[in-house]
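Asker: need a structure here:
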Amino acid sequence: MSESVVTATGQQFGLIIDEPAPGEENMRRDLSLLDACAGGEIAGAVRLYGFNPACLSLGRMQPLDDVDLEACARDGVDVVRRPSGGRAVLHDQEVTYSVVCRSTDPIFGGRVLESCSRIHGAVAAGLELLGVRTISRAMPADLRRDAREVAAVADCFARPAAHELLDERGRKLVGSAQARRAGALLQHGSVLLEPPRAAAYLRNGGAAPMPAGVGVRELLGRHVSREELVDALAKGFRRQEISSLNTPA
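Answerer: Residues are numbered from 1 along each chain as shown. Model prediction:
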């Protein structure tokens, strides 16, 4: 399913909701959107989707040696490399979003941390509709040191990066990473339904220095379907677009 919102420049910003697909196909679709945005064919898009079969995605620069390929093969878990950065995510009991736009986009663009914060604002708005309150991880005093510490472990959910979304006890709920190409950006994010399980398929999961990740179902104390989470996130992105378009320049 897809729809569009007319941006302040008169271009179409698409909202795409896809059925779960294999990892390679999902990455192909996201790269196609990024290329279309970089080439000026689209203003941008938000895509919400899942993976089938379960898939372990690695960040763009992450070594394949981090992965226990035998464990993945045993459990039928695909392995794919994302065009975005970050560390490994197991896409199974979760919903993935991708946001593509120009780096100058008035809604989701900006410098890396600025655009991350704007995009996370939409995700947080969607989660709040479900009754899940989140907090954004505070900016670390030393960004370079923090980035090195995040990169020291293979599991994305072992440690939150700046501006990522946590629950009120400091547990990571949303992982995210970005890539940029020819003036356009692609941000990937994973919103957990269940606590993270990627460590079972990694050789260097690392000990989390902060509380372990958490899923939406545990936070709400009830079963939340993938479809319910997708619907809430879609509403959060729509609200962010509308509020941004109505904000005076």
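
Asker: quick one: the helices in the chain?
Answerer: 23-38, 69-75, 112-130, 143-151, 216-220, 226-246 (DSSP state H).

Asker: Now mean pLDDT and distance to residue 203 too, for those, in a markdown table please.
Answerer: Just so you know, the C-beta spots here come from the backbone N, C-alpha and C atoms, and that holds for glycine as well. Written out in a markdown table, the entries for those read as follows (pLDDT from 0 to 100; distance: least, Cβ to Cβ, whole Å):
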| stretch | mean pLDDT | distance to residue 203 |
| --- | --- | --- |
| helix 23-38 | 96 | 19 |
| helix 69-75 | 97 | 9 |
| helix 112-130 | 95 | 28 |
| helix 143-151 | 61 | 15 |
| helix 216-220 | 98 | 27 |
| helix 226-246 | 81 | 29 |
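
Asker: Can you lay out those helices as CSV showing mean neighbour count and distance to residue 182?
Answerer: Compiled in CSV, these are given as follows (neighbours: other Cβ atoms under 10 Å; distance: least, Cβ to Cβ, whole Å):
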stretch, mean neighbour count, distance to residue 182
helix 23-38, 19, 4
helix 69-75, 13, 33
helix 112-130, 20, 16
helix 143-151, 14, 24
helix 216-220, 18, 35
helix 226-246, 17, 23
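
Asker: Need the ones you listed in a markdown table (columns: distance to residue 192).
Answerer: Conversion of those to a markdown table gives the following (distance: least, Cβ to Cβ, whole Å):
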| stretch | distance to residue 192 |
| --- | --- |
| helix 23-38 | 17 |
| helix 69-75 | 18 |
| helix 112-130 | 11 |
| helix 143-151 | 18 |
| helix 216-220 | 7 |
| helix 226-246 | 9 |
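
Asker: Tell me which of those helices sits nearest to residue 104.
Answerer: helix 112-130 (10.2 Å; Cβ to Cβ).

Asker: Packing partners of the closest one?
Answerer: Using 3 or more Cβ pairs under 8 Å, 6 or more residues apart in numbering; DSSP states H and E, the elements in contact with helix 112-130 are strand 135-136, strand 165-166, strand 174-181, strand 184-192, helix 216-220, helix 226-246.

Asker: Please name whichever of these is nearest to residue 15.
Answerer: Distances from residue 15 to each of the helices and strands packed on helix 112-130 were compared using Cβ to Cβ; the minimum, 6.2 Å, belongs to helix 226-246.

Asker: neighbouring contacts of that closest one?
Answerer: The list of residues contacting helix 226-246 from outside it, by Cβ atoms under 8 Å, 6 or more residues apart in numbering, reads 5, 7-8, 13, 15, 17, 46, 48, 50, 95, 97, 106-108, 118, 121-130, 191, 193, 216.

Asker: Could you do stretch 57-66 as well?
Answerer: With Cβ under 8 Å, 6+ apart as the test, stretch 57-66 has contacts from 23, 27, 67, 79-89, 91, 154, 156, 177, 179, 188, 202-204.

Asker: One more pass at 10 Å, please.
Answerer: For stretch 57-66, the surrounding residues in contact (Cβ atoms under 10 Å, 6 or more residues apart in numbering) are 23, 26-27, 51, 56, 67, 78-91, 96, 151, 153-156, 177-179, 188, 190, 198, 201-206.

Asker: In contact with the spatially closest residue to residue 77 that is not a sequence neighbour, which residues?
Answerer: Nearest in space to residue 77, with sequence neighbours left out and distances taken as Cβ to Cβ, 6 or more residues apart in numbering, is residue 54 at 5.0 Å. Residue 54 sits next to 20, 23, 72, 75-78, 90-94, 197, 201 when contact means Cβ under 10 Å, 6+ apart.

Asker: Since that was my last question, I'll sign off now.
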